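Colleague: got a structure for you, letters missing:
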């Protein structure tokens with residue numbers, strides 16, 4: 001008799017737990033929407049017509065460390081007869097801030113060529129904190145004679161980067177795939193940039 005009573009009690013407890021889980025799952029969607037509206041997390045997914053007043057101030061990105069400014073310098077090395085350079089030599093960014101810069105390339109040869117870029121960083125410790133969201137270095141490209149291209153590099157510097165680092169140099173070595181010129185100096189592979197960076 002006691003065993004049956006214990007079983008009935010256990011079934012009752014399980015039924016209460018199941019009902020609680022169902023209620024929580026049912027309430028989760030409106031709770032999520034309320035949290036998103038309060039924090040502004042989902043505001044980027046809204047179209048302009050969906051934003052009340054159309055002039056709503058978007059929530060600030062709390063991951064950006066506005067107390068620090070890092071200078072990012074850009075360098076380009078062409079290992080072959082073509083033109084390759086950054087559109088700007090440097091930018092100042094806050095850690096956690098999304099930044100986009102452009103690199104310009106032109107195949108000045110009279111033949112088609114395939115090429116790819118290899119990045120390197122100075123100081124070397126910056127390489128693990130320099131997060132590229134989009135980069136032409138991810139792919140190989142084929143360019144016709146005289147063809148010009150402009151490619152973006154979108155990046156975020158991790159706020160965990162040492163506060164001693166105030167300047168980072170991002171250098172690209174652009175080489176022809178399958179060409180006679182060696183791909184890149186040993187320095188690029190180790191993250192050490194050769195002399196003349198940023199010049």
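Modeller: Here it is on my side, so go on. Treat the numbers as computed from the prediction; the structure is a model and nothing was measured.
Colleague: hey, let's count contacts and neighbours off CA atoms from now on
Modeller: OK.
Colleague: can you pull out the helices in the chain?
Modeller: With DSSP state H as the definition, the chain shows helices at residue ranges 2-39, 186-190.
Colleague: Would you single out the least confident of the ones you listed?
Modeller: Of all the helices of the chain, helix 186-190 carries the lowest average pLDDT, namely a mean of 40.
Colleague: Point out where the protein drops to low pLDDT.
Modeller: Within the chain, the stretches with pLDDT under 70 are 1, 22, 24-62, 179-199.
Colleague: And the strands in it?
Modeller: Here the chain has its strands, by DSSP state E, at 70-79, 83-86, 90-93, 99-106, 113-122, 130-135, 141-143, 148-157, 167-176.
Colleague: So which elements touch the last one?
Modeller: So the one you mean is strand 167-176. strand 70-79, strand 113-122 (3 or more Cα pairs under 8 Å, 6 or more residues apart in numbering; DSSP states H and E).
Colleague: ditto for the second one
Modeller: Helices and strands touching strand 83-86, by 3+ Cα pairs under 8 Å, 6+ apart, are strand 70-79, strand 99-106.
Colleague: Now do the contacts for residue 81.
Modeller: 107, 108, 109 (Cα atoms under 8 Å, 6 or more residues apart in numbering).
Colleague: Can you report phi and psi for it?
Modeller: phi -80, psi 70 (degrees, to the nearest 10).
Colleague: so who does residue 153 touch?
Modeller: With Cα under 8 Å, 6+ apart, residue 153 has these contacts: 100, 101, 102, 103, 132, 133, 134, 135, 136.
Colleague: Distance of the closest residue to it other than its chain neighbours relative to residue 152?
Modeller: Nearest non-adjacent residue to residue 153, counting by Cα to Cα, 6 or more residues apart in numbering: residue 135, 4.5 Å away. Going from residue 135 to residue 152 by Cα to Cα, to the nearest Å gives 6 Å.
Colleague: still on that earlier bit, adding distance to residue 148 and mean neighbour count, write the helices and strands packed on strand 167-176 out as TSV.
Modeller: Shown next, in TSV, are those (distance: least, Cα to Cα, whole Å; neighbours: other Cα atoms under 10 Å):
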stretch	distance to residue 148	mean neighbour count
strand 70-79	15	20
strand 113-122	12	20
